[in-house]
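K.L.:
Return atomic coordinates for the entry below.
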Amino acid sequence: MVLNLLVDPVSTYTKHSLMLQLKLDARMKLIVTDGVFSMDGNVAPLPEICALAEKYNAMVFIDECHATGFFGKTGRGTEEYFGLQPGKVDIINSTLGNALGVAAGGYTTGPKELISLLRQRARPYLFSNSLPPPVVACASKVFDLLLVSSGYAEKVQANTDRFRSQMTDAGFIIAGENHPICPVMLGDARLASVFADQMLERGIFVIGFSFPVVRKGKARIRVQISASHSFEDIDGTVEAFKQVGKSRQVFVRALSVSKEPTILLKKERLPFSRLHRVIRDLKLGTW
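P.N.:
Reported below is the predicted structural model:
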């Protein structure tokens, strides 16, 4: 039995519903989750998940594609972020791309018996070519750099703290926890697209995401912080966000899922369902 938490760590699988499913009679139980959920920057409650797995004799599998190399004190991922002992999670799957910067490939860690089984039975492994030697060499070098020093992970975190605090002070809503994936919540899909275009005109490349990638009314610009960014880069990006927000005469607030997102236009808070009336009145000169 596989319990998949990849869709929504908050509302779809509460602790209570997960416990009910773990109580079901099954020879093997496997809880599968992201370590970090990439669109919102939310971190899975790994200590609680591991505690439930121990109680009900289940295994834990986490996908660390948005944690490997930079998340946690030395970049070792979600286990380290929560201070869990190495090996607390049974299976970890991750990528050599993303933060590690290698062109292709990934890896799976786990018990020796499992790895042997995957080598014999996993179709993506059996029916694919080996990674090119330069890719393997680059990946090996990246891990060497991370093992020697925690400086890269520390720089990412410092940049993240700076960006999130300055953007919050400026009035923007940044979703997720204190993670380098920083979703700037805008709510309206068109606004997110135009906002991203105007950021690019100022030399800042960010991408607007909207439905169906994220929920309706939850459009955002997804900013990803890197160790290669300087504090000057961070400050310049925040300033660009302020300029675009001012030029659009829009100040964005993202509300909870249960409430309708709102937009603040000329100091009056309006739900999106009424925005067309505002535009009509502006055209008629009655604003």
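
K.L.:
mind checking how far the residue most central in space within the chain is from residue 98?
P.N.:
Computing the C-alpha centroid of the chain and ranking residues by C-alpha atoms, centre = their mean puts residue 38 first, at 2.4 Å. Separation of residue 38 from residue 98 (C-beta to C-beta, to the nearest Å): 9 Å. For the C-beta atoms, the positions are set from N, CA and C on the backbone; glycine is no exception.

K.L.:
got any residues that touch both of those two?
P.N.:
65-66 (C-beta atoms under 8 Å, 6 or more residues apart in numbering).

K.L.:
just checking, residue 182 is part of a helix?
P.N.:
No: secondary structure of residue 182 (DSSP: H, G, I helix; E, B strand; the rest coil): strand, not part of a helix.

K.L.:
Does it touch residue 167 like I think?
P.N.:
Yes: assessed by C-beta atoms under 8 Å, residue 182 is found in contact with residue 167 at 7.3 Å.

K.L.:
neighbour count winner among these two?
P.N.:
residue 182 (24 against 20; other C-beta atoms under 10 Å).

K.L.:
Quick check: nearest residue in space to that one, chain neighbours excluded?
P.N.:
residue 223 (4.3 Å; C-beta to C-beta, 6 or more residues apart in numbering).

K.L.:
what element comes up after the helix or strand containing that neighbour heading to the C-terminus?
P.N.:
Assigned by DSSP states H and E, residue 223 falls within strand 219-224. As assigned by DSSP H and E, the chain's next helix or strand after strand 219-224 is helix 231-247.

K.L.:
Okay, domains of this protein per the record?
P.N.:
2-148, 152-284 (automatic domain parsing).

K.L.:
Including mean pLDDT, could these go into TSV?
P.N.:
Below are the domains of the chain laid out as TSV (pLDDT from 0 to 100):
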stretch	mean pLDDT
domain 2-148	85
domain 152-284	79
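
K.L.:
list the buried ones in the longest helix that the chain contains?
P.N.:
If you go by DSSP state H, the chain has its longest helix at helix 151-169. Using 16 or more other C-beta atoms under 10 Å as the test for burial, helix 151-169 gives 152-153, 155-157, 159-160, 162-164, 166-167.

K.L.:
So which elements touch it?
P.N.:
Where contact means 3 or more C-beta pairs under 8 Å, 6 or more residues apart in numbering; DSSP states H and E, helix 151-169 is packed against helix 133-148, strand 181-187, helix 231-247.

K.L.:
how about a cut-off of 6 Å?
P.N.:
helix 231-247 (3 or more C-beta pairs under 6 Å, 6 or more residues apart in numbering; DSSP states H and E).

K.L.:
Any buried residues in the helix it packs on, and which?
P.N.:
Quick answer for helix 231-247 (16+ other C-beta under 10 Å): 234, 237-238, 240-241, 244-245.

K.L.:
same thing with stretch 27-46?
P.N.:
29-46.

K.L.:
Please apply the same query to stretch 219-228.
P.N.:
Buried residues in stretch 219-228 (16+ other C-beta under 10 Å): 219-225, 227.

K.L.:
quick check, residue 60 in a strand?
P.N.:
Yes: under three-state DSSP, residue 60 sits within a strand.

K.L.:
That one contacts residue 31, correct?
P.N.:
Yes: applying C-beta atoms under 6 Å as the test, residue 60 and residue 31 come out as touching, 5.1 Å apart.

K.L.:
Right, I'll call it a day here.
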